[in-house]
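1. could you work out the structure for the sequence below:
(2 chains)
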There are 2 protein chains.
Amino acid sequence: MDYRFSQSLEGFQSSAVRDILKLTQGKSIISFAGGLPAEEHFPMQAVGEAVERVLAQGCSALQYGLTEGYLPLRESLSGRMARKGMRVKPEEMILTTGSQQAIDLLSRIYIDPGEVILVERPTYLAALQVFQARGARIVSVESDHDGMNLDDLAAKIAQHAPKMVYVTPTFSNPAGKVWSLERRKGLLEQCLRANVLILEDDPYGELQFEEGERYASIFSLYGEAKGNPVVYTSTFSKIVAPGLRTGWAIGDSEVIRNMAKAKQAADLHSSTMDQMTLYQLLEHFDIDAHIDVIRSDYKQRMKLMASLLREQGWEGVSWLEPKGGMFFWVELPQGVKAEDLLRLAVEEGVAFVPGSSFYAGDPAYNTMRMNYTHSDADTMRVGMNRLAAAVEKYRAVRAAAI
Amino acid sequence: MDYRFSQSLEGFQSSAVRDILKLTQGKSIISFAGGLPAEEHFPMQAVGEAVERVLAQGCSALQYGLTEGYLPLRESLSGRMARKGMRVKPEEMILTTGSQQAIDLLSRIYIDPGEVILVERPTYLAALQVFQARGARIVSVESDHDGMNLDDLAAKIAQHAPKMVYVTPTFSNPAGKVWSLERRKGLLEQCLRANVLILEDDPYGELQFEEGERYASIFSLYGEAKGNPVVYTSTFSKIVAPGLRTGWAIGDSEVIRNMAKAKQAADLHSSTMDQMTLYQLLEHFDIDAHIDVIRSDYKQRMKLMASLLREQGWEGVSWLEPKGGMFFWVELPQGVKAEDLLRLAVEEGVAFVPGSSFYAGDPAYNTMRMNYTHSDADTMRVGMNRLAAAVEKYRAVRAAAI
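-> Numbering: from 1, shown residues only, chains lettered A, B, ... in the order given. So this is what the prediction gives:
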């Protein structure tokens, strides 16, 4: 048999991050690569109790369910969203297999091959994969610490008449930055004027390190779901656990209804057990107190990584201290290739993700993404020593400055 | 905001079956419509014990997992497959969110818009939705009680140079039939010769009513996974429970690897909890004895529905007594429109699925699909009386013979 795969397969490039994860599974490599949450914070007991409650309710937990998702969980999540200024009815929300699926479903109902999607520079790798597989033309908008450059955005909208803009405005992956309110408003205004849909991806918003600061979602700046140019997506992966594979998307009911049609074809619906378990968890577990614990621990880990990075005294290496989320985005000196460094690092027993994977085009090869949420303090110290050894080797081989 | 949805959205027609399910949820309508398994057979206690074991193992049940699926479950399933003559290594298998997702993933990596897929007549509705959304041209092959007509298959292969053939050869949905061995071999030979991929969908194969009979899968007729023109998919939905949303696909490792790439973009991976729970279930629960219980109960239900149908003495109405699976496929007299009958039936408090939904083109409007696995004996009797009342009304209104 001579298999003849589809052209769109070319878009489905395997994720470098996941390929590295695969290589490191079961080995003694310390990984700053993946975007894994700390397992110590998985609320095992609360999940166990929630499952017990679900199974005690009877058989419905194991039966087919609604494509849009378990209604009580949607209602409960609507309450959480409302407290963040996002008022939605259950029919303006769909539950998905992680927020990754929300990105995929929206692309399937909104993007035709050849249409343009604008993205940040850099941006989330697995969103790029979805857009590439749809055959979209992906165009980067110049971005700095405060978000997309609004002049470049205006120019790119005028030049490309894009169908959609994809952004992660709060503690972005990979860059770890937060958009300013002005940039959020500017994006919303420009997209409203040009009739461009915004996909606001917010998996990390709850992992905020500064007390008191409030980052209004772009969705909330418009106000209501009806007619909102923003589809907002988030997930339980970072605040409860990723293995329960539950995310959600909110938007105008017409958009949500069409995403549900695509989901019928994709997988009928997501795990009933997981959705009912999460509903019971929200009912009987203080998730906000739990998030506070995670936040404070991740902040400590971030501070430790920052000080370990500083201690190295690497020349020409810079980074932004993240205000939340899971990643450091490190810029190496011009000319240094993070992919070459990774090869040496893996030999030393430590991994990270070369930043070049996060660009729609014209990648910055001298960048790397480092996760601080999955290593405890001792591991992080050992990992950083190994990375330092890799940098030494790199210098010796390349005679380059780091 | 003026939403501008993609052209492929047109392919995502909402499933009539699921729309009816939605209408009937929470109402006192007796439904012969859905393809729901009997909840009485969900192994609640065994699932509860399995979840306990999973959570006792620690945090990995809630962490991100491999896109290809939980390895011990793939290994365990390989053992089950081998006993059915399908020898596969773990890398020749991918776990999916129900077998629905296997259909979707394979379509995404194998089918480009405009390419031809051959299907049975009638065939599974939600597969048609996937193929339509991919922009495929769907062509029906004439089919009888023994499967596809091999002459028509040869003609359609010659005429359309199809990329793929989609079949449900064992207890099909909706027609409830079983392909003969000769037709299975004929399909395999023709597809091998013409280099056409076969997607063999087998969600119902275990629900066999006759002891002793063996229906060899088309996959097993080729022998090994390497170079096999068949991708075979099945699911736990009908033998354990659909709410755990776990199916699997087996095939050549290159095909499986590419399906995994598409799955990375689609949802990263399916529920870790569900996969680990099913693995523990297979380890500690006699699933074959469990399947025997389901089989014998479903056979009784099927026999009851057959006798209730016979009792009506409807003129010109015929059906095939299924040898397994979940459905009766009922042909009404020419000129009778099942959709009109459904409207009257819902007024009387009973639902079924009009058969017209199951055709790629030129539907037979005088057909209906009736599920017998989700109603107990009393409910089935009441439902059939309601259906009889609807038929009476139909006769009165249309002055038509049934």
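
2. can you give the distance of stretch A:361-378 from its chain's centre?
-> Stretch A:361-378 has its C-alpha centroid displaced from the chain centroid by 14 Å (Cα atoms, centre = their mean, to the nearest Å).

3. residues of that stretch that come out buried?
-> Using 16 or more other Cβ atoms under 10 Å in any protein chain shown as the test for burial, stretch A:361-378 gives A:363-375. Where C-beta positions appear, they are placed from N, C-alpha and C, glycine not excepted.

4. now these in TSV, with pLDDT and distance to chain B?
-> Listed next are these as TSV, based on pLDDT from 0 to 100; distance: Cβ to the nearest Cβ, whole Å:
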residue	pLDDT	distance to chain B
A:363	93	19
A:364	95	23
A:365	94	23
A:366	96	26
A:367	97	22
A:368	96	20
A:369	96	16
A:370	97	18
A:371	97	12
A:372	97	17
A:373	97	12
A:374	96	9
A:375	96	14
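
5. these in strands, which ones?
-> Among these, DSSP state E puts A:367-371 in strands.

6. residue A:319 pairs with what?
-> Residue A:319 forms beta bridges with residue A:330, as assigned by DSSP bridges.

7. so can I have CSV of the buried residues of stretch A:361-378 showing distance to residue B:301?
-> Formatted as CSV, the buried residues of stretch A:361-378 follow (distance: Cβ to Cβ, whole Å):
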residue, distance to residue B:301
A:363, 60
A:364, 63
A:365, 64
A:366, 67
A:367, 62
A:368, 61
A:369, 56
A:370, 58
A:371, 53
A:372, 57
A:373, 51
A:374, 50
A:375, 55
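
8. got the residues of the stretch 251-400 of chain A near chain B?
-> Taking Cβ under 8 Å from any Cβ of the partner chain as the contact definition, the stretch 251-400 of chain A meets chain B at A:252, A:254-255, A:258, A:260-262, A:264-274, A:277.

9. mind doing that once more with 10 Å?
-> Contact residues (Cβ under 10 Å from any Cβ of the partner chain) of the stretch 251-400 of chain A with chain B: A:251-252, A:254-255, A:257-277, A:374.

10. and the two most separated of the ones in strands among the buried residues of stretch A:361-378?
-> Across these, no pair lies farther apart than A:367 and A:371, at 14.4 Å, counting by Cβ to Cβ.

11. sketch out the low-pLDDT regions of the stretch 251-400 of chain A for me.
-> Residue ranges of the stretch 251-400 of chain A with pLDDT under 70: A:400.

12. same thing but at 80, please
-> A:399-400 (pLDDT under 80).

13. go through stretch A:141-151 and flag the buried ones.
-> A:141, A:143, A:147-150.

14. which residues touch the nearest residue to residue A:146 once chain neighbours are set aside?
-> Of all residues not flanking residue A:146 in the chain, residue A:180 sits nearest, at 4.2 Å (Cβ to Cβ, 6 or more residues apart in numbering or on different chains). For residue A:180, the contact set (Cβ atoms under 10 Å, 6 or more residues apart in numbering or on different chains) comprises A:144-147, A:169, A:186, A:215.

15. before we move on, what about residue A:149?
-> Here residue A:149 is in contact with A:121, A:141-143, A:155-156, A:183, A:186 (Cβ under 10 Å, 6+ apart).

16. and the pLDDT at it?
-> At residue A:149, the pLDDT value in this model is 98.

17. phi first, then psi, for it.
-> Per-residue torsions, residue A:149: phi -70, psi 120 (degrees, to the nearest 10).

18. good, we can wrap up now.
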